[in-house]
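Trainee: Have a look at this fold, sequence not included:
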């Protein structure tokens with residue numbers, strides 16, 4: 001496999017050997033000082049942002065402003081008035097930036113590399129004087145400068161990974177993840193570096209992989225430079241110490257910068273008619289570079305952009321597909337149960353209360369975000385964080401953790417319902433924002449009398465007036481509920497138990513675990529012996 005990747009990289013370089021170039025040039029100290037002082041000035045008091053700010057940086061550089069007298073003259077001509085206090089503060093700020101290790105870079109060939117945003121389409125509210133407009137072409141370059149920290153002097157070609165945004169719940173068996181594993185596990189850290197970033201699951205994962213593997217990487221941040229933790233690697237941003245672009249525009253600019261800096265593009269799954277496809281097409285149209293494009297097999301809306309790139313820029317594209325490897329999904333496959341459980345016949349569902357588990361988007365409690373990403377990349381057991389895997393995790397930890405997220409006040413509680421699994425339809429809804437069901441048929445049932453003896457009580461539904469009438473020790477039970485169906489939670493028939501519940505305190509006859517199918521029961525048993533009986537709902541009817 002490693003030889004395969006090496007051959008692909010070699011063939012890609014032969015497609016466009018001119019791709020090895022330093023696309024950035026570091027500005028000399030006097031010019032950098034002037035840019036930093038101008039940046040400080042444009043933040044006071046009427047803040048100049050985004051495209052207009054970078055247009056003025058471009059103007060400053062084109063005018064050859066390299067001294068304080070030049071800068072002062074340029075500022076007087078470009079801005080209305082400049083008092084001594086503001087001038088001194090800007091000079092001081094520029095000195096502080098330079099002392100903290102900030103460098104300023106400009107594009108080596110901005111006319112060829114980046115044909116970025118037309119100021120009228122990016123921000124129709126921007127106003128430029130006739131003198132300003134005469135300085136810029138129809139498409140002013142934004143960003144015209146990048147602020148950076150760290151050493152950018154390395155000779156390795158830069159690879160960037162591009163993948164459209166994914167749903168919040170990611171399966172370790174996703175095709176794009178298999179493609180990423182295939183590629184990364186074959187890279188030689190002495191032969192390539194990464195143009196990485198943060199802000200999406202794929203960018204964050206690649207960044208975590210680079211840190212773990214020791215790959216040299218350049219981090220392009222969608223956040224201001226001075227707010228970024230470097231981890232010893234060089235960092236670039238088009239913003240210095242505060243956000244100057246909207247939350248919507250900053251990620252698009254980040255993608256453009258990453259694409260422009262990288263010598264090679266690894267394309268996993270790109271949506272058609274999306275911002276990321278526009279970015280990659282813009283680069284290929286103006287300064288093409290080799291692209292490794294994953295062949296996902298079946299075409300769908302999440303990967304249609306791959307085929308657009310292949311059809312429009314075939315001379316710079318190389319298609320790859322991971323080989324089928326038997327047993328590659330063993331870590332997450334369903335295995336034969338390692339021990340047997342007798343069938344439990346539930347005589348009376350009403351004798352129990354039920355704690356339902358949900359899929360967990362992102363890290364488990366106590367798990368860092370990087371650990372979650374690396375476990376997902378490695379396809380470790382339970383890394384998909386499904387509702388079933390959440391249940392297994394609870395049994396492995398030996399406790400149900402209390403939470404305070406939906407509770408008014410400081411108390412952490414465990415939520416239970418008196419609705420048994422075959423009544424899920426009475427309380428189950430599709431949560432469009434979280435892209436999941438509010439309740440899934442996985443969880444733990446415990447006898448109602450035992451939970452009551454531990455302090456569990458029914459939730460108290462009502463208005464704010466009801467909450468105010470509750471005595472302090474009982475306020476953890478309150479759940480705001482209004483008359484409108486969309487604001488009423490009475491249908492959940494919730495009970496609440498304060499604090500964590502140690503499952504070791506339960507005897508085998510005190511409760512049971514329930515899953516949806518016999519197949520899932522087998523998977524459950526391959527991971528953990530819960531000490532409680534397991535009910536497969538499709539076999540208990």
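Mentor: Nice, I can see it. No experiment lies behind these values; they were computed from the predicted model shown.

Trainee: any low-confidence regions in the stretch 1-150 of the chain?
Mentor: Counting by pLDDT under 70, the stretch 1-150 of the chain contains low-confidence residues at 1-22, 44-46, 80-84, 109-141.

Trainee: hmm, 50 instead?
Mentor: 1, 15-21, 111-140 (pLDDT under 50).

Trainee: now the chain
Mentor: Using pLDDT under 50, the flagged stretches of the chain are 1, 15-21, 111-140, 327-342.

Trainee: most residues in a single helix of it, which one?
Mentor: helix 84-99 (DSSP state H).

Trainee: what distance separates it from the centre of its chain?
Mentor: Relative to the mean C-alpha coordinate of its chain, helix 84-99 is positioned 35 Å out (CA atoms, centre = their mean, to the nearest Å).

Trainee: What is that helix packed up against?
Mentor: Applying 3 or more CB pairs under 8 Å, 6 or more residues apart in numbering; DSSP states H and E, one finds that helix 84-99 contacts helix 29-42, helix 68-78. Where C-beta positions appear, they are placed from N, C-alpha and C, glycine not excepted.

Trainee: and the longest one, how far from the chain's centre?
Mentor: In this case it means helix 29-42. 33 Å.

Trainee: That one to helix 68-78, inter-axis angle?
Mentor: 40 degrees (axes from the mean of the first three to the mean of the last three CA atoms, to 10 degrees).

Trainee: how near is residue 160 to residue 389?
Mentor: As judged by CB to CB, to the nearest Å, residue 160 and residue 389 stand 32 Å apart.

Trainee: how about residue 70, what does it touch?
Mentor: 34, 63, 64 (CB atoms under 8 Å, 6 or more residues apart in numbering).

Trainee: Using PyMOL, define a selection of the buried residues within the residues you listed.
Mentor: Selection of buried members from the contacts of residue 70 for PyMOL, criterion 16 or more other CB atoms under 10 Å:
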select buried, resi 34+63
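
Trainee: Tell me which of residue 160 and residue 389 has more neighbours.
Mentor: residue 160 (27 against 22; other CB atoms under 10 Å).

Trainee: Surely that one forms part of a strand?
Mentor: Yes - Residue 160 sits within a strand when classified using DSSP: H, G, I helix; E, B strand; the rest coil.

Trainee: Can you tell me the closest non-neighbouring residue to it?
Mentor: Of all residues beyond its chain neighbours, the one nearest residue 160 is residue 262 (3.5 Å), with distances taken as CB to CB, 6 or more residues apart in numbering.

Trainee: these two touch, right, the one you found and residue 162?
Mentor: No - between residue 262 and residue 162 there is no contact under CB atoms under 8 Å: 9.0 Å.

Trainee: if I look at those two, which residues touch both of them?
Mentor: Joint contacts of residue 262 and residue 162 (CB under 8 Å, 6+ apart) do not exist.

Trainee: Please list the outside residues in contact with stretch 498-513.
Mentor: Contacts of stretch 498-513 (CB under 8 Å, 6+ apart): 344, 346, 352, 391, 394-395, 398-402, 411-414, 443-447, 450, 454-455, 476, 524, 530-535.

Trainee: Among the residues you listed, which lie within strands?
Mentor: With strands defined by DSSP state E, the entries of the contacts of stretch 498-513 inside them are 352, 399-400, 413-414, 443-447, 533-535.

Trainee: returning to that earlier point: could you give me the PyMOL syntax to select whichever of the contacts of stretch 498-513 are buried?
Mentor: In PyMOL, this line selects whichever of those come out buried by 16+ other CB under 10 Å:
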select buried, resi 344+346+352+391+394+395+400+402+413+414+443+444+445+446+447+450+476+524+530+532+533+534+535
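
Trainee: So which residues of the stretch 351-500 of the chain form strands?
Mentor: Ranges of strands in the stretch 351-500 of the chain, per DSSP state E, counting those that start in this stretch, are 352-356, 399-400, 413-417, 430-431, 436-437, 443-447, 457-458, 460-462, 478-480, 494-498.

Trainee: As a markdown table, these with distance to residue 77 would be great.
Mentor: What follows is these, written out as a markdown table (distance: least, CB to CB, whole Å):
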| stretch | distance to residue 77 |
| --- | --- |
| strand 352-356 | 67 |
| strand 399-400 | 68 |
| strand 413-417 | 65 |
| strand 430-431 | 56 |
| strand 436-437 | 57 |
| strand 443-447 | 70 |
| strand 457-458 | 73 |
| strand 460-462 | 66 |
| strand 478-480 | 59 |
| strand 494-498 | 67 |
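
Trainee: closest to residue 385 out of these?
Mentor: strand 436-437 (10.9 Å; CB to CB).

Trainee: Helix, strand, or coil at the closest residue to residue 30 other than its chain neighbours?
Mentor: Counting by CB to CB, 6+ apart, residue 30 lies nearest to residue 66, which is 4.1 Å off, once chain neighbours are set aside. For residue 66, the assignment made with three-state DSSP gives coil.

Trainee: Return the residues in contact with residue 66.
Mentor: 28, 30, 31, 34.

Trainee: Over to residue 490?
Mentor: Here residue 490 is in contact with 461, 481 (CB under 8 Å, 6+ apart).
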